[in-house]
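Novice: need a structure here:
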Amino acid sequence: MITLREVCKNLGVSRRAVQGYEQAGLVKPTGRNTRGYLLYNQLEQEKIRKIKFLQDMGFSIKEIREISEAPKDVVKGAIEKRIEALWLEIDRKENIIEMAEIKVNKKITLLASAVGTK
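Specialist: Numbering: from 1, shown residues only. From the prediction side, this is the model:
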């Protein structure tokens, strides 16, 4: 078992995030050391890792709580749906980038012609 500080360092999560997971009932410390620091076993660490991944995918804590109690096929479907949404978001952002580059290039061309440079 490791302390909350070590969990945060190892998994790249904030203390506040883990506390939020605890308040949502998604994880719980598995003990305390002699100094009173919260300890987390391997199972709870894995839960935290999965929660962080799902949050990175865009799931809310409420959604994570709902799918954590769902059958595997429901979880799989929710993740597949989120992946599809992420791909659509990537496409949309690529289009925005392309439009921005066109606008920037037009402005540079206009500016260059206004000052007489090529």
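Novice: low-scoring stretches of this structure, by residue?
Specialist: 110-112, 114-118 (pLDDT under 70).
Novice: How many neighbouring residues does Val104 have?
Specialist: 10 (other C-beta atoms under 10 Å). C-beta coordinates here come from the backbone N, C-alpha and C atoms, glycine included.
Novice: Lys72 too?
Specialist: 8.
Novice: so where do the helices sit in this protein?
Specialist: For the chain, the helices defined by DSSP state H occupy 4-11, 15-23, 42-57, 61-68, 72-115.
Novice: Tell me the helices and strands packed up against the second one.
Specialist: In this case it means helix 15-23. helix 4-11, helix 42-57 (3 or more C-beta pairs under 8 Å, 6 or more residues apart in numbering; DSSP states H and E).
Novice: Only alpha carbons, please: show the shortest one as CSV.
Specialist: The reference is to helix 4-11. Output in CSV follows, covering the C-alpha atoms of helix 4-11 (Å, rounded to 0.1, in the frame of the first residue of the first chain):
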residue,chain,number,x,y,z
LEU,A,4,-2.0,9.5,-1.2
ARG,A,5,1.0,11.6,-2.0
GLU,A,6,2.6,8.6,-3.8
VAL,A,7,-0.6,7.7,-5.6
CYS,A,8,-0.8,11.3,-6.9
LYS,A,9,2.8,11.3,-8.0
ASN,A,10,2.7,7.8,-9.6
LEU,A,11,-0.6,8.3,-11.4
